[in-house]
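> quick one: sequence and predicted model below, then my questions.
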Amino acid sequence: MTADLPHAVLLENASNLRDLGGWPTQDGRTVRRGLIFRAPALVDLSETDLATVAALNIKITCDFRGVRESAASPVLLAGARMQNLPIEPSVGGSLRDILRTGLATGHVDPGEMFDLLREAYQAYALLSFERYRTLFELLGNEENLPLLFHCAAGKDRTGFGAALLLTALGVEWQYVMQDYLATNALWRRETAKFLDLPDPIRNTLLTAHGELLTAAFDALRGAYGSVDAYLERALGLDASTHAALKHRLLTT
């Protein structure tokens, strides 16, 4: 494992902002620093935080939150153009149904919650691929760099997007997973929703689970045959576009 990664950007009023640079690829290169950032929704930042984020020189911010989520807590970074790529959260209504049943029966099954999250991850891969395709298209234009992408916590929709990108750049799966699971150490849960839920449900919702990321990649392999086929057919990375992306985002 790579102990000094990921490169976290420390903030006072937010957490889980990080530079995706530094991860090694299978061909001996590394992802370039200072070009791609993954994050939670950067709202209610302190003056110090604003200065820290401004120093990243972000050109475009991609927001994976749903329409209502974004409208309720807009993320406005100085000098950055906003690109909304809404992936509507699919857990909320079903969560309420699970809790309503649980309260009626006196038992809440965290396994039901986990199954719901698995379905959401599979939907990221198979139903929301156009949003991730746009992310890759934006990364294909050097004028959009540095680029930041985020959802609410920077955990699920963002976590899958980061895994897609690192995989496309040739980062080994163990490091892709290491980046994904780093949310569990970097994200301060006190900023999250669902804090008033029963402990088993809350912990299931607020944890990055490696099994969920694996389920998403299993789903895309099942539908497309391979990750490379998914990258080409779903995300538009033909051989020349893929090579250009690697040239732009990896060290030489």
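Happy to help now that I have it.
> show me the shaky parts of this structure.
1, 91-108, 190-196 (pLDDT under 70).
> list the residues that contact the spatially most central residue of it.
Nearest residue to the geometric centre of the chain (CA atoms, centre = their mean): residue 158, 1.2 Å. If you count contacts by CB atoms under 8 Å, 6 or more residues apart in numbering, residue 158 has them with 38, 39, 40, 64, 149, 150, 151. Where you see a C-beta, it was placed from the backbone N, CA and C, and this is true even at glycine.
> if we use 10 Å, what do you get?
Contact partners of residue 158, counting by CB atoms under 10 Å, 6 or more residues apart in numbering, are 16, 38-41, 62-65, 87, 148-152, 180, 183.
> strands along the stretch 51-200 of the chain, start to end?
60-63, 81-84, 147-150 (DSSP state E, counting those that start in this stretch).
> so which of the ones you listed is the most surrounded?
By mean neighbour count, with neighbours taken as mean count of other CB atoms under 10 Å, strand 147-150 ranks first of those at a mean of 24.
> can you give the strand pairings for that one, parallel or anti for each?
For strand 147-150, the paired strands and their directions (DSSP bridges) read strand 36-39 (parallel), strand 60-63 (parallel).
> redo those as a markdown table? Include distance to residue 126.
Conversion of the strands paired with strand 147-150 to a markdown table gives the following (distance: least, CB to CB, whole Å):
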| stretch | distance to residue 126 |
| --- | --- |
| strand 36-39 | 22 |
| strand 60-63 | 20 |
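> out of the ones you listed, nearest to residue 3?
strand 36-39 (19.4 Å; CB to CB).
> so residue 12, which of the three states?
Three-state secondary structure (criterion: DSSP: H, G, I helix; E, B strand; the rest coil) places residue 12 in coil.
> excluding covalently adjacent residues, which one is nearest to it?
Counting by CB to CB, 6 or more residues apart in numbering, residue 12 lies nearest to residue 46, which is 4.6 Å off, once chain neighbours are set aside.
> same check on residue 113?
Closest residue in space to residue 113, ignoring its immediate chain neighbours: residue 204 at 4.7 Å, by CB to CB, 6+ apart.
> that neighbour belongs to a helix?
Yes. With three-state DSSP as the criterion, residue 204 is part of a helix.
> how close does it get to residue 211?
From residue 204 across to residue 211, the span is 11 Å (CB to CB, to the nearest Å).
> now swap in residue 19 and tell me
With distances taken as CB to CB, residue 19 is found 26 Å from residue 211.
> now for residue 199, how many residues are close by?
If you count neighbours by other CB atoms under 10 Å, residue 199 ends up with 9.
> and what of residue 42?
When neighbours are defined as other CB under 10 Å, residue 42 has 23 of them.
> and if you look at residue 116?
Burial measure for residue 116: 17 neighbouring residues, criterion other CB under 10 Å.
> okay, helices next: where are they in the stretch 1-150 of the chain?
The residue ranges that make up the helices of the stretch 1-150 of the chain, judged by DSSP state H, counting those that start in this stretch, are 47-54, 67-72, 92-105, 110-126, 129-139.
> out of the ones you listed, which is closest to residue 246?
For the helices of the stretch 1-150 of the chain, proximity to residue 246 was assessed by CB to CB; helix 129-139 is nearest, at 10.9 Å.
> neighbour-wise, which of residue 204 and residue 211 wins?
The residue with more neighbours, out of residue 204 and residue 211 and counting by other CB under 10 Å, is residue 204; that gives 19 against 12.
> isn't that one right next to residue 118, touching?
No. At 11.0 Å, residue 204 does not count as touching residue 118 under the criterion of CB atoms under 10 Å.
> between the two, what contacts are shared?
None of the residues lies in contact with both residue 204 and residue 118 under the rule CB under 10 Å, 6+ apart.
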